[in-house]
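**Student:** Have a look at this prediction, sequence included:
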Amino acid sequence: MSKLLRILLLACLTAVAISSGALAAPSKGGVIDVATIGEPPTLDPMASSADLVGTITQHIFETLYTLDGQWGLVPLLAQSMPTISPDGKTYLIVLRPGVKFHDGSEMTARDVVASLERWMRIANRGRQTASVVADLSAPDDFSLKIVLKQPFAPLIALLALNNSAAVILPARLTTQDPLSKFIGTGPYRLQAHVPDQYIQLTRFDGYTSRSGEPNGYGGARRQYLDEIRFVPVPDANTRVAGAVSGKYAYVDSLPVQSLARIQQGKSEAVILKPFGWPVLMMNLRQGEMANLTLRRAVQAALAPQDMLMAAFGTADFFTVDGAMYPPGFVWHTTAGTEAYKPMGGTAKASALLKQAGYDGKPISILTSRQYEFHYKMAQVAQAYLEAAGFKVQLDVVEWATLMQNRADPAKWDIFITHSPFLPEPSLTGMLSDDSPGWWSSETKHAAVNAFNREADP
(Lines give C-alpha, C1' and ligand atoms only; values in the text may rest on other atoms or scores of the structure.)
Protein backbone atom coordinates (compact mmCIF):
# COMPACT_ATOMS: atom_id res chain seq x y z
CA MET A 1 0.00 0.00 0.00
CA SER A 2 1.19 3.50 -0.77
CA LYS A 3 0.91 4.51 2.88
CA LEU A 4 4.16 2.65 3.45
CA LEU A 5 5.99 5.31 1.47
CA ARG A 6 3.83 8.39 1.39
CA ILE A 7 3.15 10.40 4.47
CA LEU A 8 0.61 12.91 3.19
CA LEU A 9 -0.76 14.65 0.18
CA LEU A 10 -1.40 18.36 0.21
CA ALA A 11 -2.20 21.08 -2.24
CA CYS A 12 0.92 23.10 -1.56
CA LEU A 13 2.04 26.30 -3.18
CA THR A 14 5.40 27.54 -4.31
CA ALA A 15 6.37 31.09 -5.09
CA VAL A 16 8.57 32.42 -7.86
CA ALA A 17 9.52 35.96 -8.73
CA ILE A 18 10.15 37.52 -12.11
CA SER A 19 11.53 40.96 -12.69
CA SER A 20 9.09 43.55 -13.96
CA GLY A 21 11.13 44.03 -17.10
CA ALA A 22 10.49 40.42 -18.08
CA LEU A 23 6.74 41.12 -18.14
CA ALA A 24 6.98 43.61 -20.97
CA ALA A 25 6.05 42.63 -24.54
CA PRO A 26 8.83 40.26 -25.63
CA SER A 27 11.30 41.20 -28.32
CA LYS A 28 14.14 39.17 -29.75
CA GLY A 29 17.51 39.45 -28.05
CA GLY A 30 18.92 39.83 -24.59
CA VAL A 31 20.51 37.78 -21.85
CA ILE A 32 18.86 36.76 -18.58
CA ASP A 33 20.08 35.21 -15.34
CA VAL A 34 17.83 32.64 -13.66
CA ALA A 35 18.40 31.79 -9.99
CA THR A 36 17.88 28.10 -9.23
CA ILE A 37 17.97 26.21 -5.94
CA GLY A 38 21.44 24.85 -6.63
CA GLU A 39 23.70 22.86 -8.90
CA PRO A 40 21.85 20.05 -10.74
CA PRO A 41 23.17 16.54 -10.08
CA THR A 42 23.34 15.92 -13.85
CA LEU A 43 22.34 17.46 -17.18
CA ASP A 44 21.14 14.08 -18.44
CA PRO A 45 17.35 14.23 -18.11
CA MET A 46 17.00 10.47 -18.50
CA ALA A 47 19.20 9.85 -15.48
CA SER A 48 17.31 11.96 -12.95
CA SER A 49 13.75 12.66 -11.85
CA ALA A 50 14.79 15.90 -10.11
CA ASP A 51 12.67 18.94 -11.00
CA LEU A 52 15.83 21.04 -11.20
CA VAL A 53 17.25 18.84 -13.96
CA GLY A 54 14.06 19.08 -16.00
CA THR A 55 13.76 22.84 -15.45
CA ILE A 56 17.12 23.42 -17.12
CA THR A 57 17.34 20.64 -19.68
CA GLN A 58 13.88 21.12 -21.22
CA HIS A 59 15.48 24.02 -23.10
CA ILE A 60 18.12 21.68 -24.58
CA PHE A 61 16.26 18.42 -25.15
CA GLU A 62 12.80 17.54 -26.39
CA THR A 63 10.46 14.55 -26.20
CA LEU A 64 8.07 13.02 -28.69
CA TYR A 65 5.08 14.40 -26.78
CA THR A 66 4.51 17.05 -24.16
CA LEU A 67 1.77 18.64 -22.05
CA ASP A 68 -0.39 21.61 -22.94
CA GLY A 69 -1.68 24.27 -20.56
CA GLN A 70 -4.49 21.98 -19.36
CA TRP A 71 -2.17 18.96 -18.83
CA GLY A 72 -3.43 17.40 -22.04
CA LEU A 73 -1.02 15.36 -24.17
CA VAL A 74 0.09 16.98 -27.42
CA PRO A 75 2.79 16.14 -30.01
CA LEU A 76 6.21 17.81 -29.88
CA LEU A 77 8.79 15.92 -31.96
CA ALA A 78 6.05 13.60 -33.15
CA GLN A 79 4.02 14.91 -36.08
CA SER A 80 0.71 13.99 -34.47
CA MET A 81 -0.84 11.81 -31.80
CA PRO A 82 -0.17 8.09 -32.36
CA THR A 83 -2.31 5.65 -34.29
CA ILE A 84 -3.23 2.86 -31.85
CA SER A 85 -4.39 -0.60 -32.85
CA PRO A 86 -7.85 -1.75 -31.70
CA ASP A 87 -6.30 -4.09 -29.12
CA GLY A 88 -4.28 -1.21 -27.64
CA LYS A 89 -0.95 -2.98 -28.14
CA THR A 90 0.55 -1.35 -31.25
CA TYR A 91 1.42 2.35 -31.54
CA LEU A 92 2.50 3.94 -34.81
CA ILE A 93 4.12 7.35 -34.33
CA VAL A 94 4.93 9.61 -37.27
CA LEU A 95 7.87 11.99 -36.69
CA ARG A 96 8.22 15.59 -37.77
CA PRO A 97 10.62 15.84 -40.73
CA GLY A 98 13.32 18.51 -40.85
CA VAL A 99 14.03 18.58 -37.10
CA LYS A 100 17.73 19.31 -36.50
CA PHE A 101 20.00 18.37 -33.64
CA HIS A 102 22.42 20.98 -32.31
CA ASP A 103 25.23 19.31 -34.29
CA GLY A 104 23.32 20.04 -37.54
CA SER A 105 22.23 16.46 -38.25
CA GLU A 106 18.59 15.67 -38.97
CA MET A 107 16.57 13.64 -36.48
CA THR A 108 15.34 10.31 -37.88
CA ALA A 109 13.58 7.26 -36.51
CA ARG A 110 16.98 5.63 -35.95
CA ASP A 111 17.80 8.31 -33.38
CA VAL A 112 14.40 7.90 -31.75
CA VAL A 113 14.68 4.11 -31.45
CA ALA A 114 18.19 4.35 -30.00
CA SER A 115 17.11 7.09 -27.55
CA LEU A 116 14.08 5.16 -26.29
CA GLU A 117 16.21 2.05 -25.87
CA ARG A 118 18.61 4.07 -23.73
CA TRP A 119 15.68 5.55 -21.78
CA MET A 120 14.26 2.10 -21.06
CA ARG A 121 17.70 1.01 -19.90
CA ILE A 122 18.68 3.84 -17.52
CA ALA A 123 15.63 5.94 -16.56
CA ASN A 124 13.33 5.00 -13.67
CA ARG A 125 10.23 5.64 -15.76
CA GLY A 126 11.88 4.06 -18.80
CA ARG A 127 12.49 0.81 -16.94
CA GLN A 128 8.87 0.92 -15.79
CA THR A 129 7.85 1.13 -19.46
CA ALA A 130 10.33 -1.48 -20.67
CA SER A 131 8.51 -4.20 -18.74
CA VAL A 132 5.53 -3.92 -21.12
CA VAL A 133 7.35 -3.24 -24.42
CA ALA A 134 7.64 -6.26 -26.72
CA ASP A 135 9.25 -4.53 -29.71
CA LEU A 136 10.53 -1.13 -30.81
CA SER A 137 11.29 -0.54 -34.48
CA ALA A 138 11.49 2.03 -37.28
CA PRO A 139 9.37 1.08 -40.35
CA ASP A 140 10.98 4.00 -42.21
CA ASP A 141 13.07 7.11 -41.53
CA PHE A 142 10.20 9.09 -40.05
CA SER A 143 7.98 6.61 -38.26
CA LEU A 144 8.25 4.60 -35.06
CA LYS A 145 6.43 1.39 -34.14
CA ILE A 146 5.98 0.32 -30.53
CA VAL A 147 4.47 -3.10 -29.83
CA LEU A 148 3.34 -3.78 -26.26
CA LYS A 149 2.87 -7.04 -24.40
CA GLN A 150 -0.39 -5.70 -23.01
CA PRO A 151 -2.37 -2.44 -23.21
CA PHE A 152 -0.55 0.28 -21.27
CA ALA A 153 -2.57 3.48 -20.94
CA PRO A 154 0.21 5.73 -19.50
CA LEU A 155 2.61 5.17 -22.42
CA ILE A 156 2.22 8.56 -24.13
CA ALA A 157 2.19 10.41 -20.80
CA LEU A 158 5.46 8.70 -19.87
CA LEU A 159 6.95 9.78 -23.20
CA ALA A 160 5.89 13.37 -22.45
CA LEU A 161 7.37 14.06 -19.01
CA ASN A 162 10.46 16.28 -18.73
CA ASN A 163 12.12 14.48 -15.83
CA SER A 164 13.31 10.89 -16.02
CA ALA A 165 12.57 12.02 -19.54
CA ALA A 166 12.43 10.14 -22.84
CA VAL A 167 14.42 12.84 -24.64
CA ILE A 168 15.66 12.27 -28.16
CA LEU A 169 19.43 12.25 -28.70
CA PRO A 170 21.59 11.57 -31.76
CA ALA A 171 21.92 7.78 -32.00
CA ARG A 172 25.72 8.00 -31.65
CA LEU A 173 25.36 9.42 -28.12
CA THR A 174 22.93 6.84 -26.81
CA THR A 175 25.68 4.42 -25.79
CA GLN A 176 27.06 7.00 -23.34
CA ASP A 177 26.27 6.47 -19.67
CA PRO A 178 26.86 8.87 -18.11
CA LEU A 179 26.12 11.29 -20.91
CA SER A 180 29.12 13.49 -21.71
CA LYS A 181 27.86 15.42 -24.75
CA PHE A 182 24.59 17.25 -24.37
CA ILE A 183 23.13 17.57 -27.86
CA GLY A 184 19.39 17.79 -28.34
CA THR A 185 16.77 19.32 -30.60
CA GLY A 186 15.66 22.09 -28.24
CA PRO A 187 15.52 25.84 -28.84
CA TYR A 188 18.70 26.41 -26.81
CA ARG A 189 22.04 24.62 -26.83
CA LEU A 190 24.52 24.13 -24.01
CA GLN A 191 27.31 26.67 -24.44
CA ALA A 192 29.15 26.31 -21.14
CA HIS A 193 28.81 24.71 -17.72
CA VAL A 194 30.93 25.95 -14.86
CA PRO A 195 29.86 23.85 -11.87
CA ASP A 196 28.48 25.87 -8.93
CA GLN A 197 28.73 29.08 -10.99
CA TYR A 198 26.45 28.92 -14.03
CA ILE A 199 25.01 26.91 -16.89
CA GLN A 200 25.01 28.98 -20.09
CA LEU A 201 22.52 28.23 -22.87
CA THR A 202 22.52 30.07 -26.19
CA ARG A 203 19.87 30.22 -28.89
CA PHE A 204 19.99 27.38 -31.45
CA ASP A 205 19.47 29.13 -34.79
CA GLY A 206 18.70 25.83 -36.52
CA TYR A 207 15.67 25.16 -34.30
CA THR A 208 12.42 24.18 -36.03
CA SER A 209 9.44 25.15 -33.90
CA ARG A 210 5.96 23.75 -34.19
CA SER A 211 3.44 26.12 -35.69
CA GLY A 212 0.53 27.72 -33.86
CA GLU A 213 0.47 29.51 -30.54
CA PRO A 214 2.33 28.47 -27.38
CA ASN A 215 0.14 26.29 -25.16
CA GLY A 216 1.72 25.12 -21.91
CA TYR A 217 4.77 23.12 -22.98
CA GLY A 218 3.15 22.56 -26.38
CA GLY A 219 2.61 24.59 -29.51
CA ALA A 220 5.17 27.08 -30.79
CA ARG A 221 8.40 27.56 -28.85
CA ARG A 222 9.65 31.06 -29.50
CA GLN A 223 13.30 31.86 -28.93
CA TYR A 224 13.22 35.45 -27.78
CA LEU A 225 16.44 35.42 -25.78
CA ASP A 226 19.99 35.22 -27.07
CA GLU A 227 21.19 33.57 -23.87
CA ILE A 228 19.88 32.08 -20.63
CA ARG A 229 22.22 31.61 -17.67
CA PHE A 230 21.08 29.35 -14.83
CA VAL A 231 22.86 30.42 -11.65
CA PRO A 232 22.84 28.12 -8.60
CA VAL A 233 21.79 30.04 -5.49
CA PRO A 234 21.43 27.39 -2.75
CA ASP A 235 20.55 29.76 0.10
CA ALA A 236 16.85 30.65 0.12
CA ASN A 237 17.43 34.05 1.74
CA THR A 238 19.92 34.96 -1.00
CA ARG A 239 17.34 34.00 -3.63
CA VAL A 240 14.80 36.20 -1.91
CA ALA A 241 17.24 39.13 -1.85
CA GLY A 242 17.89 38.60 -5.57
CA ALA A 243 14.16 38.63 -6.27
CA VAL A 244 13.56 41.78 -4.22
CA SER A 245 16.41 43.67 -5.89
CA GLY A 246 15.57 42.45 -9.40
CA LYS A 247 19.05 40.97 -9.77
CA TYR A 248 17.63 37.92 -11.56
CA ALA A 249 15.00 37.81 -14.28
CA TYR A 250 13.51 34.72 -12.67
CA VAL A 251 14.00 33.27 -9.21
CA ASP A 252 12.79 29.74 -8.51
CA SER A 253 11.38 28.17 -5.35
CA LEU A 254 11.06 31.00 -2.85
CA PRO A 255 9.88 30.53 0.76
CA VAL A 256 6.23 31.48 0.98
CA GLN A 257 7.02 33.55 4.06
CA SER A 258 8.84 35.98 1.77
CA LEU A 259 5.75 36.81 -0.32
CA ALA A 260 5.06 40.22 1.24
CA ARG A 261 8.72 41.24 0.98
CA ILE A 262 8.87 40.26 -2.70
CA GLN A 263 5.68 42.17 -3.46
CA GLN A 264 7.32 45.32 -2.09
CA GLY A 265 10.46 44.87 -4.21
CA LYS A 266 11.26 45.09 -7.91
CA SER A 267 9.77 41.73 -8.83
CA GLU A 268 6.35 40.18 -9.17
CA ALA A 269 5.51 37.06 -7.18
CA VAL A 270 3.90 34.16 -9.04
CA ILE A 271 2.10 31.49 -7.03
CA LEU A 272 1.54 28.03 -8.50
CA LYS A 273 -1.71 26.61 -7.13
CA PRO A 274 -2.30 23.76 -6.68
CA PHE A 275 1.30 22.67 -7.03
CA GLY A 276 1.82 19.27 -5.48
CA TRP A 277 2.72 17.40 -2.34
CA PRO A 278 5.78 16.92 -0.12
CA VAL A 279 6.73 13.30 0.49
CA LEU A 280 8.64 11.45 3.18
CA MET A 281 10.10 8.50 1.28
CA MET A 282 11.02 5.48 3.36
CA ASN A 283 13.83 3.05 2.58
CA LEU A 284 12.24 -0.38 2.15
CA ARG A 285 15.45 -2.02 0.96
CA GLN A 286 17.48 -1.94 4.18
CA GLY A 287 17.71 -0.29 7.58
CA GLU A 288 15.05 0.50 10.16
CA MET A 289 12.32 1.45 7.69
CA ALA A 290 12.42 -1.98 6.05
CA ASN A 291 10.34 -3.02 9.09
CA LEU A 292 6.63 -2.51 8.34
CA THR A 293 5.70 -2.00 11.99
CA LEU A 294 8.32 0.73 12.37
CA ARG A 295 6.96 2.45 9.25
CA ARG A 296 3.52 2.40 10.82
CA ALA A 297 5.03 3.85 14.00
CA VAL A 298 6.50 6.73 11.98
CA GLN A 299 3.15 7.34 10.34
CA ALA A 300 1.37 7.32 13.70
CA ALA A 301 3.90 9.68 15.33
CA LEU A 302 3.95 12.47 12.76
CA ALA A 303 1.65 15.50 12.90
CA PRO A 304 1.14 16.78 9.33
CA GLN A 305 -0.65 19.96 10.34
CA ASP A 306 2.27 21.05 12.52
CA MET A 307 4.86 20.01 9.92
CA LEU A 308 3.12 22.01 7.22
CA MET A 309 2.54 25.03 9.40
CA ALA A 310 6.26 25.10 10.17
CA ALA A 311 7.05 24.69 6.48
CA PHE A 312 4.70 27.33 5.10
CA GLY A 313 3.87 29.65 7.99
CA THR A 314 0.18 30.02 7.18
CA ALA A 315 -2.67 27.69 6.19
CA ASP A 316 -3.13 29.87 3.09
CA PHE A 317 -0.36 27.83 1.47
CA PHE A 318 -1.34 24.25 2.25
CA THR A 319 -4.22 21.84 2.71
CA VAL A 320 -4.05 18.74 4.89
CA ASP A 321 -5.63 16.10 2.69
CA GLY A 322 -4.98 12.37 2.47
CA ALA A 323 -6.13 12.08 -1.15
CA MET A 324 -3.59 11.54 -3.93
CA TYR A 325 -5.13 14.37 -6.01
CA PRO A 326 -7.05 17.40 -4.72
CA PRO A 327 -10.69 18.20 -5.55
CA GLY A 328 -11.05 19.42 -9.11
CA PHE A 329 -8.74 16.79 -10.62
CA VAL A 330 -10.33 13.93 -12.55
CA TRP A 331 -8.35 11.50 -10.37
CA HIS A 332 -9.63 12.86 -7.03
CA THR A 333 -11.01 10.22 -4.66
CA THR A 334 -11.17 9.85 -0.90
CA ALA A 335 -10.79 6.06 -1.11
CA GLY A 336 -7.95 4.85 1.08
CA THR A 337 -7.53 8.13 2.97
CA GLU A 338 -8.54 6.73 6.37
CA ALA A 339 -4.91 6.01 7.27
CA TYR A 340 -4.08 9.69 6.76
CA LYS A 341 -6.51 11.16 9.24
CA PRO A 342 -4.91 13.50 11.81
CA MET A 343 -1.91 11.75 13.29
CA GLY A 344 0.54 12.86 15.97
CA GLY A 345 -0.37 9.81 18.07
CA THR A 346 2.64 9.54 20.37
CA ALA A 347 1.11 6.78 22.50
CA LYS A 348 0.15 4.68 19.47
CA ALA A 349 3.58 5.20 17.92
CA SER A 350 5.31 4.20 21.17
CA ALA A 351 3.25 1.01 21.34
CA LEU A 352 4.19 0.15 17.76
CA LEU A 353 7.86 0.78 18.58
CA LYS A 354 7.63 -1.71 21.43
CA GLN A 355 5.79 -4.21 19.24
CA ALA A 356 8.54 -3.92 16.58
CA GLY A 357 11.28 -4.50 19.14
CA TYR A 358 12.96 -1.18 18.26
CA ASP A 359 16.50 -1.22 19.68
CA GLY A 360 17.18 2.52 19.70
CA LYS A 361 19.26 2.66 16.54
CA PRO A 362 19.04 6.20 15.10
CA ILE A 363 16.98 6.64 11.97
CA SER A 364 18.50 8.98 9.41
CA ILE A 365 16.35 11.67 7.79
CA LEU A 366 18.05 13.01 4.66
CA THR A 367 17.05 16.56 3.75
CA SER A 368 18.27 19.83 2.25
CA ARG A 369 17.85 23.52 3.05
CA GLN A 370 17.78 24.45 -0.62
CA TYR A 371 14.09 23.58 -0.41
CA GLU A 372 13.53 25.31 2.92
CA PHE A 373 10.12 23.73 3.46
CA HIS A 374 11.74 20.27 3.31
CA TYR A 375 14.12 21.21 6.11
CA LYS A 376 11.43 22.72 8.35
CA MET A 377 9.24 19.65 7.91
CA ALA A 378 12.23 17.48 8.86
CA GLN A 379 12.78 19.46 12.06
CA VAL A 380 9.18 18.99 13.20
CA ALA A 381 9.21 15.33 12.15
CA GLN A 382 12.33 14.83 14.26
CA ALA A 383 10.63 16.33 17.32
CA TYR A 384 7.51 14.14 17.04
CA LEU A 385 9.48 10.99 16.32
CA GLU A 386 11.75 11.58 19.30
CA ALA A 387 8.70 12.18 21.50
CA ALA A 388 7.45 8.74 20.47
CA GLY A 389 10.76 7.10 21.37
CA PHE A 390 12.74 7.10 18.13
CA LYS A 391 16.29 8.32 18.00
CA VAL A 392 16.65 10.59 14.96
CA GLN A 393 19.61 11.94 13.03
CA LEU A 394 19.06 14.79 10.56
CA ASP A 395 21.47 14.66 7.62
CA VAL A 396 21.32 18.11 5.98
CA VAL A 397 23.13 18.25 2.63
CA GLU A 398 23.15 20.12 -0.66
CA TRP A 399 20.33 19.08 -2.98
CA ALA A 400 22.72 17.60 -5.55
CA THR A 401 24.29 15.50 -2.76
CA LEU A 402 20.87 14.37 -1.59
CA MET A 403 20.05 13.24 -5.13
CA GLN A 404 23.25 11.17 -5.17
CA ASN A 405 22.91 9.79 -1.63
CA ARG A 406 19.31 8.69 -2.05
CA ALA A 407 20.49 6.13 -4.63
CA ASP A 408 22.51 4.38 -1.89
CA PRO A 409 20.21 2.54 0.55
CA ALA A 410 23.00 2.45 3.15
CA LYS A 411 22.94 6.25 3.53
CA TRP A 412 19.39 6.99 4.70
CA ASP A 413 16.17 5.72 6.25
CA ILE A 414 13.86 8.56 5.21
CA PHE A 415 14.39 11.37 2.72
CA ILE A 416 12.17 14.35 2.02
CA THR A 417 11.20 15.41 -1.46
CA HIS A 418 8.13 16.70 -3.27
CA SER A 419 6.14 15.98 -6.40
CA PRO A 420 3.84 18.01 -8.61
CA PHE A 421 0.46 16.58 -9.57
CA LEU A 422 1.17 14.43 -12.62
CA PRO A 423 -1.28 13.80 -15.46
CA GLU A 424 -1.64 10.10 -14.57
CA PRO A 425 -1.42 8.58 -11.07
CA SER A 426 0.82 5.74 -12.24
CA LEU A 427 3.47 8.25 -13.30
CA THR A 428 4.19 9.01 -9.63
CA GLY A 429 7.84 8.18 -9.06
CA MET A 430 7.37 5.84 -6.12
CA LEU A 431 5.29 3.46 -8.25
CA SER A 432 8.47 2.50 -10.08
CA ASP A 433 10.28 -0.35 -8.34
CA ASP A 434 13.59 1.39 -9.10
CA SER A 435 12.66 4.71 -7.50
CA PRO A 436 14.68 5.35 -4.30
CA GLY A 437 12.61 3.80 -1.58
CA TRP A 438 12.38 0.64 -3.69
CA TRP A 439 8.75 -0.18 -3.05
CA SER A 440 8.18 -3.50 -4.81
CA SER A 441 5.49 -6.04 -4.03
CA GLU A 442 3.19 -8.41 -5.87
CA THR A 443 0.20 -6.55 -4.44
CA LYS A 444 1.42 -3.23 -5.79
CA HIS A 445 2.23 -4.73 -9.18
CA ALA A 446 -1.22 -6.29 -9.48
CA ALA A 447 -2.98 -3.03 -8.65
CA VAL A 448 -0.82 -0.82 -10.88
CA ASN A 449 -0.88 -3.24 -13.81
CA ALA A 450 -4.66 -3.54 -13.69
CA PHE A 451 -4.94 0.26 -13.63
CA ASN A 452 -2.50 0.70 -16.52
CA ARG A 453 -4.19 -1.90 -18.72
CA GLU A 454 -7.46 0.03 -18.65
CA ALA A 455 -7.53 2.35 -21.65
CA ASP A 456 -10.81 4.10 -20.81
CA PRO A 457 -10.20 6.90 -18.27
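**Tutor:** Looks like it arrived, so ask away. Residues are numbered from 1 along each chain as shown.

**Student:** and the gap between the residue nearest to A290 when sequence neighbours are not counted and P409?
**Tutor:** In this structure, A290 finds its nearest non-sequential neighbour in L284, 5.6 Å apart by CB to CB, 6 or more residues apart in numbering. Yep, even glycine has a C-beta here, placed from its N, CA and C like the rest. For L284, the distance to P409 equals 9 Å [CB to CB, to the nearest Å].

**Student:** Please report phi then psi for I37.
**Tutor:** Per-residue torsions, I37: phi -80, psi -10 (degrees, to the nearest 10).

**Student:** Near it, how many other residues are there?
**Tutor:** Number of residues near I37 (other CB atoms under 10 Å) recorded here: 27.

**Student:** And for M281?
**Tutor:** M281: 24 neighbours (other CB under 10 Å).

**Student:** Same question for P151.
**Tutor:** Neighbour number of P151 under other CB under 10 Å is 16.

**Student:** and the gap between it and A160?
**Tutor:** Counting by CB to CB - P151 and A160 are separated by 18 Å.

**Student:** For the closest residue to V99 other than its chain neighbours, give me its contacts.
**Tutor:** Nearest residue to V99, sequence neighbours excluded (CB to CB, 6+ apart): M107, at 4.3 Å. Residues in contact with M107 (CB atoms under 8 Å, 6 or more residues apart in numbering) are L77, L95, V99, K100, F101, I168, T185.

**Student:** Pick the one among those residues closest to S85.
**Tutor:** L95 (18.8 Å; CB to CB).

**Student:** Tell me what the closest one is bridged to.
**Tutor:** A78 (DSSP bridges).

**Student:** just checking, it touches F142?
**Tutor:** Yes. With contacts counted by CB atoms under 8 Å, L95 reaches F142, the gap being 4.5 Å.

**Student:** between these two, what contacts are shared?
**Tutor:** Q79, T108, A109.

**Student:** which one among the residues you listed gets closest to F329?
**Tutor:** The closest of those, once distances to F329 are taken by CB to CB, is Q79, at 29.8 Å.

**Student:** Where do the helices of the stretch 1-150 of the chain begin and end?
**Tutor:** 51-57, 109-122, 124-130 (DSSP state H, counting those that start in this stretch).

**Student:** Kindly state which of those is positioned closest to S258.
**Tutor:** helix 51-57 (19.5 Å).

**Student:** Tell me which other helices or strands the closest one touches.
**Tutor:** Packed against helix 51-57 by the contact rule (3 or more CB pairs under 8 Å, 6 or more residues apart in numbering; DSSP states H and E) you find strand 31-36.

**Student:** Next up, identify which helix or strand I199 is on.
**Tutor:** strand 198-203 (DSSP states H and E).

**Student:** got the buried residues for the helix or strand following that strand?
**Tutor:** Counting by DSSP H and E, the element after strand 198-203 in chain order, helix or strand, is strand 227-232. Going by neighbour count (16 or more other CB atoms under 10 Å), the buried part of strand 227-232 is I228, R229, F230, V231, P232.

**Student:** And the residues you listed, which is closest to Y248?
**Tutor:** V231 (7.1 Å).

**Student:** I figured that closest one hits A35, correct?
**Tutor:** Yes. The pair V231 / A35 is scored as a contact, 5.5 Å apart, by CB under 8 Å.

**Student:** Residues that sit against both of the two, list them.
**Tutor:** Y248.

**Student:** my read is the residue nearest to A290 is in a strand, agree?
**Tutor:** No. Under DSSP: H, G, I helix; E, B strand; the rest coil, L284 falls outside any strand and is assigned coil.

**Student:** All set now, cheers.
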